[in-house]
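Colleague: sequence first, then the predicted structure, then my questions.
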Amino acid sequence: GYPSVTPLESYTATVATLMCDLPANSASKLYCVRKTMERAVELSNTTDADMLSASTNLFHLVVSLISIEDWEQLPELLQVIEAEVLRRGESGHAQKDLETIYK
């Protein structure tokens, strides 16, 4: 899995293919986004700079995915993202994330 075996570009390409090929609001899409978010949270619970960077990359990917998809389950997914944004704000990563998202 990412980041130890799979490079970010390959992971992103795989997720993008799933998002394009699966029907809107499919359970598989939601599962993919949710697992990506869980992996981002998992990687952010470390002090390793490379893992924190990988976490930020995955977090940005999730935010991009929810911004381009019409999600019926969006409120539930936004609660997970909200918790991570608040947690990242406490560690000082939130401002950098927001700058990247709103470029």
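Modeller: Yep, it's here.
Colleague: okay, CA-based contacts and neighbour counts for the rest of this
Modeller: Will do.
Colleague: ok, residue 14 - how many residues close by?
Modeller: 11 (other CA atoms under 10 Å).
Colleague: contact partners for it?
Modeller: Contact partners of residue 14, counting by CA atoms under 8 Å, 6 or more residues apart in numbering, are absent.
Colleague: could you measure from it over to residue 27?
Modeller: Distance, residue 14 to residue 27, using CA to CA, to the nearest Å: 17 Å.
Colleague: then residue 78?
Modeller: Relative to residue 27, residue 78 is positioned 16 Å away (CA to CA).
Colleague: can I get the helix ranked longest in the chain in CSV? Just the C-alpha atoms.
Modeller: In the chain, taking DSSP state H as the definition, the longest helix is helix 49-68. C-alpha atoms of helix 49-68 as CSV (Å, rounded to 0.1, in the frame of the first residue of the first chain):
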residue,chain,number,x,y,z
ALA,A,49,8.1,13.5,8.1
ASP,A,50,7.6,11.2,5.1
MET,A,51,4.5,9.6,6.6
LEU,A,52,3.1,13.0,7.5
SER,A,53,3.7,14.1,3.9
ALA,A,54,2.0,11.0,2.6
SER,A,55,-0.9,11.7,4.9
THR,A,56,-1.3,15.2,3.6
ASN,A,57,-1.2,13.9,0.0
LEU,A,58,-4.0,11.5,0.7
PHE,A,59,-6.0,14.1,2.6
HIS,A,60,-5.8,16.4,-0.4
LEU,A,61,-6.9,13.5,-2.7
VAL,A,62,-10.0,12.9,-0.5
VAL,A,63,-10.9,16.6,-0.5
SER,A,64,-10.5,16.7,-4.3
LEU,A,65,-12.7,13.6,-4.7
ILE,A,66,-15.5,14.9,-2.6
SER,A,67,-15.5,18.2,-4.5
ILE,A,68,-16.0,16.6,-7.9
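Colleague: next, the buried residues of that helix.
Modeller: By 16 or more other CA atoms under 10 Å, the buried positions in helix 49-68 come out as 51, 52, 54, 55, 56, 58, 59, 60, 61, 62, 63, 65.
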